[in-house]
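Peer 1: pasted the sequence and its predicted model underneath.
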Protein chains: 2
Amino acid sequence: MTLTQLGAFVLVARLGSVKEAARALNVSEPAVSQALTALRQHMGDPLLVRGPGGMTLTEGGARLLPIASQMVVLGAEAEGAVRAARGAPEALRVVAAPAVAEFVATPLLDAFTARSARDVEGSSGVVAGREMPVLLHNRLADMAIGPHLADDQGLVSEPVFRASIVAVGTAAGPRPLWLVDPSGTDPSSETSRLLRRLKVPEDRVRVYPNQTAAWAAAADGDGLAVALAHLVAPRVQRGELRVIATPATPAEIRWHATTLAPDRRPPLAGAFRRFLATAEALHIMRSPGSGVPPSRFRPPVYVTIWS
Amino acid sequence: MTLTQLGAFVLVARLGSVKEAARALNVSEPAVSQALTALRQHMGDPLLVRGPGGMTLTEGGARLLPIASQMVVLGAEAEGAVRAARGAPEALRVVAAPAVAEFVATPLLDAFTARSARDVEGSSGVVAGREMPVLLHNRLADMAIGPHLADDQGLVSEPVFRASIVAVGTAAGPRPLWLVDPSGTDPSSETSRLLRRLKVPEDRVRVYPNQTAAWAAAADGDGLAVALAHLVAPRVQRGELRVIATPATPAEIRWHATTLAPDRRPPLAGAFRRFLATAEALHIMRSPGSGVPPSRFRPPVYVTIWS
DNA sequence: CAGCCGAATAAGCGAAGGCTTAACGCGCGG
DNA sequence: CCGCGCGTTAAGCCTTCGCTTATTCGGCTG
C-alpha cells in the first residue's frame, strides 16, 4: 500500500474513470490501472467496479475512500508543515476534558500567548481522559488538562486547580434524570465517577453536547445537571437554578495538568505549565470570561474519521 | 516519502532512540536510521537530532510528527476498514452547519436508522459551508445539511426546512454585543450574512462554542444572541430572553440538503434525502428533543489537525 | 456483426525502497 | 586514553514501485 496507489484510487473514485484520473495525474492509463490492481490485491477487495456512469465504489471501497483521501491530503500537508516550520511561531497544543475546554482552555491559551514574549500559537481540542496519555506519548499534544493521569511511566501529572461539583436543577425529586456533558461517557471523568457513586442507571442519564446546554435543560425542569459550582454560581444567584444536595455532592475535584517528564517535554509545554501556576491563570480558571472575538476564535480543524 | 519511513520516524520520536525503535519494529538498527535519513532528505530538515536523553525533535520534526503519526494510524485503519466492510452496516455520513449539528442532526440520524429496515450506521460532523462541496465531491460525506450550495456541477441542493432567525437578549440598546455560534465565522452562513447586513463591526461580535452557550450569555445580559426562533421559543416564553427586533430580523432562512447528483450518490444518501421529506423528520426539525441517552451518544472521533 | 471505447493485462525497465552485515564517528565514563 | 554505547555511513542485494508501450478483453452502439 503506497501513497501513490492511494492517490490513484482516490482520484479514480472521485472522477469515476481511470482515463480521467490518468489525465489528471499526467500519466498513462495503465499506470493508474496498475496502481489500482496493486491496491485491490493488497486489500483483497475490488474497491472499484465498472458500473453505469463510470467506476463505482464497492462497500469496501467506500470505507477506504475517506481514509485514503485523508492520507493523501496529509501527505501533501506534511511537506508543507516542515517547510513552514522555519520562522513559524512555536506551536503549543493542549487537549482538555470537556469542561476545561468549554470554559477555560481558550482564555488560558489566549492569555499565555499574549503574555509570552515569544511568538507562540496555541490550539486546543477535547478528548476523553483515556486518550490523553496516548496523545501525550505520541506527542500529538503537549499538555493535557483534566483528570489525574495514573503514574504512567514518563508522564507527570500535577494538580493545577481545585473546584467543587454540584447538582443543579429546579427541584429535588426521586429518580431524577441526570443531564451531563460528554464527560458523562468518559469513565475516567469526575462526572461519570459521580454517577457511579450515586448508582444512577444508564437510562436515567442524558448526554448534552456541553455543560451549558445541560444547565439550560435543567433550568427547564428536565432533571439535574452536573455543574462546576463556581461556574454555575451566577445562574444560581439569579434563581434560574438551585443547588440540589445529593449523597455525593458537593464533591471536590481537581484538574491536573499532565505533560511528558520534564526532560522530554517541549520547552513551551514547561513554560505553559509554569504559567498555570500564576495568579493570572488562576484567576482565569476561577472566572473565565466566555465568548471570544471572532478574530481570535479559530475552531480547531475537526476531521471526523468515520470508522 | 513512504509510510514505512514515516512509521520509523514516528517511532523514533516516540521512543527517543533509534535502537529502541529498531527493536520495536523488529528490524536492524541501520534500517531505521536509513529510513530516517531518506525522510530527512526528502523534507530538507533534520527532524530529529541527538539531544540529552535521546533523540529530540527539531521544530520541523515537531510539525511533522502529528501529521506523520496520523498517516500511520490511518494506514493501519485502512486495511481494517476494508476488511470490516463485509457484512458491516452501511455507513451514512452527514456533515452539518453548527446549528443543525447542535440540535437536529443526531435525532434525525437516530430516527432514520431506527426506521430503516436495513442495517445502517449514521454519523455526523460539523463543518463550515465552504467545506461542504469539497467533502461531498471527495465522498468524505454523503450529505450536507446547511446553507444552499451554489449550483456546483454535480451537486443537488434542495430546501428541506424553513425557519426564522431572531435576535434575543434581555434589553434593546445601542451598539449591542452580538453573541453567535461558530457559524458567525463562516461567511456563507445565515448568521454571518445577518451580521454583515446589520454592519456589525467585528469587535462587537463574540463567538461561543454553540448556540445554547450564546443564549445563556444573552440571558446574562451580555448582548444579543442570534437564535432560531422555534428553538429559543421556550426560553422566551419563560421570560429568560426577549426577542429584540432589528432592521434585519426576524429573517427567514432555509436549510438545504445537498448530495451528489442522484446518479452518483450512494443509495443510502437518497434514502435519507427522502426521509427528510417525511412528517417524522419535519417534526424532529421543528422540535428536536435534546439530550440523548449515553448508549446512543457516540461522539464522532474528532482528530484535530494542528496546522 | 463490426467498430469503438475504456479498462485490464503483459512485458520490460529504471529507480527507489527496504533489508542485511560491516565498518566508521563520536561523546562519555572508567 | 581506551572502550562502550549509539547513531550513522557504506556496500550489496532483492523486491517493489511506478512508469512506459503494446496487446487483449468486455461491453455498448450503430
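Peer 2: Done, it's in.
Peer 1: quick one: residues contacting the residue of the stretch 151-300 of chain A found nearest DNA strand D.
Peer 2: Closest approach between the stretch 151-300 of chain A and DNA strand D, counting by Cβ to the nearest atom of the strand: A:Arg264, at 13.6 Å. All C-beta spots, glycine's among them, are computed from the backbone N, C-alpha and C. Contact analysis of A:Arg264 by Cβ atoms under 8 Å, 6 or more residues apart in numbering or on different chains lists A:154, B:16, B:53-54.
Peer 1: right, and the secondary structure at it would be what?
Peer 2: Three-state call for A:Arg264 (DSSP: H, G, I helix; E, B strand; the rest coil): coil.
Peer 1: phi, psi for it please.
Peer 2: Per-residue torsions, A:Arg264: phi -120, psi -10 (degrees, to the nearest 10).
Peer 1: quick revisit: save the contacts of A:Arg264 as JSON lines, and put in distance to DNA strand C and pLDDT too.
Peer 2: Shown next, in JSON lines, are the contacts of A:Arg264 (distance: Cβ to the nearest atom of the strand, whole Å; pLDDT from 0 to 100):
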{"residue": "A:Gly154", "distance to DNA strand C": "21", "pLDDT": "73"}
{"residue": "B:Gly16", "distance to DNA strand C": "16", "pLDDT": "82"}
{"residue": "B:Gly53", "distance to DNA strand C": "11", "pLDDT": "72"}
{"residue": "B:Gly54", "distance to DNA strand C": "13", "pLDDT": "78"}
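Peer 1: give me the below-cutoff pLDDT ranges for the stretch 1-150 of chain A.
Peer 2: Residue ranges of the stretch 1-150 of chain A with pLDDT under 70: A:87-88, A:117, A:119, A:122-127, A:134, A:138, A:140.
Peer 1: next to DNA strand C, which bits of it? Give me the list.
Peer 2: A:17-19, A:29-30, A:33-34, A:36-37, A:48, A:50, A:54-55 (Cβ under 7 Å from any atom of the strand).
Peer 1: among the residues you listed, which are in strands?
Peer 2: A:48, A:50, A:54-55 (DSSP state E).
Peer 1: how about the strands in the stretch 101-250 of chain A?
Peer 2: Shown for the stretch 101-250 of chain A, the strands assigned by DSSP state E, counting those that start in this stretch span residues A:120-126, A:143-146, A:155-169, A:178-180, A:205-207, A:224-228, A:242-244.
Peer 1: still on that earlier bit, neighbour-wise, which of the ones in strands among the residues of the stretch 1-150 of chain A next to DNA strand C leads?
Peer 2: A:Leu48 (24 neighbours; other Cβ atoms under 10 Å in any protein chain shown).
Peer 1: for that one, give me its contacts.
Peer 2: By Cβ under 8 Å, 6+ apart, the neighbours of A:Leu48 are A:9, A:12-13, A:36, A:55-58, A:61.
Peer 1: give me every residue in the stretch 1-150 of chain A lying close to DNA strand D.
Peer 2: Counting by Cβ under 7 Å from any atom of the strand, the stretch 1-150 of chain A sits next to DNA strand D at A:1-5, A:8, A:25, A:27-28, A:30-31, A:34-35, A:38, A:42, A:50.
Peer 1: which of the residues you listed are buried, as a PyMOL select command?
Peer 2: The buried subset of these, as determined by 16 or more other Cβ atoms under 10 Å in any protein chain shown, is captured in PyMOL by this line:
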select buried, chain A and resi 3+4+5+8+25+31+35+38
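Peer 1: among the residues of the stretch 1-150 of chain A next to DNA strand D, which two are most distant?
Peer 2: A:Leu3 and A:Arg50 (25.4 Å; Cβ to Cβ).
Peer 1: next, the angle from the biggest helix by length in chain A to helix B:59-84.
Peer 2: Longest helix in chain A by number of residues (criterion: DSSP state H): helix A:59-84. Helix A:59-84 runs at 180 degrees relative to helix B:59-84, counting by axes from the mean of the first three to the mean of the last three Cα atoms, to 10 degrees.
Peer 1: by contact count, what packs against helix A:59-84?
Peer 2: Counting contacts by 3 or more Cβ pairs under 8 Å, 6 or more residues apart in numbering or on different chains; DSSP states H and E, helix A:59-84 packs against helix A:3-15, helix B:29-43, helix B:59-84, strand B:90-96.
Peer 1: what about the residue of the stretch 101-250 of chain A found nearest chain B, how many neighbours?
Peer 2: Here the stretch 101-250 of chain A gets closest to chain B at one residue, A:Arg206, 3.5 Å apart by Cβ to the nearest Cβ. Other residues near A:Arg206 come to 23 when the count uses other Cβ under 10 Å.
Peer 1: now the one 4 residues further on
Peer 2: Counted with other Cβ under 10 Å, the burial measure for A:Asn210 works out to 22 neighbours.
Peer 1: hmm, B:Tyr208 and it touching each other?
Peer 2: No - between A:Asn210 and B:Tyr208 there is no contact under Cβ atoms under 8 Å: 9.7 Å.
Peer 1: overlap in contacts of the two?
Peer 2: By Cβ under 8 Å, 6+ apart, no residue touches both A:Asn210 and B:Tyr208.
Peer 1: spit out the contact partners of A:Ala84.
Peer 2: Taking Cβ under 8 Å, 6+ apart as the test, what A:Ala84 contacts is B:Arg63.
Peer 1: against B:Gly60, how distant is it?
Peer 2: 9 Å (Cβ to Cβ, to the nearest Å).
Peer 1: list the buried ones in stretch A:201-215?
Peer 2: A:204-215.
Peer 1: that one: end-to-end distance?
Peer 2: Start-to-end span of stretch A:201-215 (Cα to Cα, to the nearest Å) is 20 Å.
Peer 1: the residue of the stretch 101-250 of chain A closest to chain B contacts A:Asp181, doesn't it?
Peer 2: No - counting by Cβ under 8 Å, A:Arg206 stays clear of A:Asp181, with 10.6 Å between them.
Peer 1: where are the low-confidence patches of the stretch 151-300 of chain A?
Peer 2: Scanning the stretch 151-300 of chain A for pLDDT under 70 picks out A:151-153, A:288-300.
Peer 1: can you give me the helices in it?
Peer 2: Here the stretch 151-300 of chain A has its helices, by DSSP state H, counting those that start in this stretch, at A:190-197, A:211-219, A:229-237, A:267-275, A:279-286.
Peer 1: now do the first one against helix A:211-219, angle only.
Peer 2: Spelled out, it's helix A:190-197. 40 degrees.
Peer 1: which parts of helix A:190-197 are buried?
Peer 2: Those would be A:190-195, for helix A:190-197 by 16+ other Cβ under 10 Å.
Peer 1: who are the packing partners of it?
Peer 2: Packed on helix A:190-197, when contacts are counted by 3+ Cβ pairs under 8 Å, 6+ apart, are strand A:155-169, strand A:178-180, strand A:251-260.
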